[in-house]
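# only geometry, no sequence info:
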């Protein structure tokens, strides 16, 4: 059994190592070639330079698409998380009519191909006489992000002790105040996770944005798809891509640190109802 256990552990470790290499090696390659002075990304690299970063930031179309996607993703993260909290609170009720139907409707976007949803939204806007816009893209992204937000927030909400909320109400807090001062702080780690997931989904989403983004205002993925056919823009896209990777890594580390800090505070602090 010991030999089998060691063999299994070795195989799992090797599998995990290969998986990590497969996931992160392309990111490392992008970051390395971002400093290549050549216009053609190929090994060996003859010289290193940062000229493509300045060239990329001088491209107003590229930076405009990047900022547009970042703002759209931030608004989507806030909207989807807010709707996710509202949906999770409703689904966590003990007596909720048609609970299974509501859960199925909320989670339905998970099994619908993005391209099908994009075409459906485009046809709906056309039938209503509404032009394509970033607001339509945002609506589509919220629809895609909401199921993930609910799946993150609802399990955390179900683990909360109802007695804490009841104690807050016994101390004179209204339902809204008890929710704001007791439930929301306890949900903080899941809310941060929900926002980051929704932000990532919106920032990376291509299908809906390609159909619903207005002409002249592409999102970052849509711009990348079009610019990938232009070899002269490839070094600039690689440079911006390396910055996106670095910023994403910093945000993930910072959010995880914030989550751990919030969990330690909640573990060490007295119940929030005691302060009411």
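That came in fine, so what should we check first? Because the structure is a prediction, the values reported are computed rather than measured.
# neighbours of residue 53, how many?
17 (other C-beta atoms under 10 Å). All C-beta atoms are positioned from the backbone trio N, CA, C, and that covers glycine.
# ok, for it, nearest residue in space, not its chain neighbours?
Nearest residue to residue 53, sequence neighbours excluded (C-beta to C-beta, 6 or more residues apart in numbering): residue 239, at 4.8 Å.
# is it true that that neighbour touches residue 34?
Yes. The criterion here is C-beta atoms under 8 Å, and residue 239 meets it with residue 34 at 4.6 Å.
# overlap in contacts, the two.
Here residue 239 and residue 34 share the contacting residues 52-53, scored by C-beta atoms under 8 Å, 6 or more residues apart in numbering.
# circling back: pretty sure the residue nearest to residue 53 is in a strand, no?
No. Counting by DSSP: H, G, I helix; E, B strand; the rest coil, residue 239 falls outside a strand, being helix.
# next one, pLDDT for it please.
pLDDT for residue 239: 84.
# which residues in the stretch 101-250 of the chain form helices?
Using DSSP state H, counting those that start in this stretch, the helices of the stretch 101-250 of the chain run over 114-128, 134-159, 162-170, 175-178, 184-204, 207-212, 220-227, 234-268.
# nearest to residue 64, of those helices?
Residue 64 lies closest, by C-beta to C-beta, to one member of the helices of the stretch 101-250 of the chain: helix 220-227, at 8.6 Å.
# any idea how far residue 100 lies from residue 63?
47 Å (C-beta to C-beta, to the nearest Å).
# who's more crowded, the two?
Using other C-beta under 10 Å as the criterion, residue 100 and residue 63 rank with residue 63 on top: 14 against 8.
# I'd guessed that one sits against residue 53; true?
No. The pair residue 63 / residue 53 is not scored as a contact, 11.5 Å apart, by C-beta under 8 Å.
# most tightly surrounded among the helices of the stretch 101-250 of the chain?
helix 207-212 (a mean of 23; mean count of other C-beta atoms under 10 Å).
# that one packs against which elements?
helix 114-128, helix 134-159, helix 220-227 (3 or more C-beta pairs under 8 Å, 6 or more residues apart in numbering; DSSP states H and E).
# of the ones you listed, which is nearest residue 195?
Using C-beta to C-beta, the nearest of the helices and strands packed on helix 207-212 to residue 195 is helix 134-159, at 8.4 Å.
# between the closest one and helix 220-227, how big is the angle?
Computed by axes from the mean of the first three to the mean of the last three C-alpha atoms, to 10 degrees, the angle separating helix 134-159 from helix 220-227 equals 130 degrees.
# just the angle for helix 134-159 relative to helix 184-204, thanks.
Using the same axes, to 10 degrees: helix 134-159 against helix 184-204 is 140 degrees.
# contacting residues around the closest residue to residue 76 other than its chain neighbours?
Spatially, and ignoring its direct neighbours in sequence, residue 76 is nearest to residue 202 (3.9 Å; C-beta to C-beta, 6+ apart). Contacts of residue 202 were listed using C-beta under 8 Å, 6+ apart, and they are 69, 72-73, 76-77, 138, 141, 144-145.
# residue contacts, the residue nearest to residue 53?
So residue 239 contacts 34, 52-53, 55-56 (C-beta under 8 Å, 6+ apart).
# great, nothing more from me.
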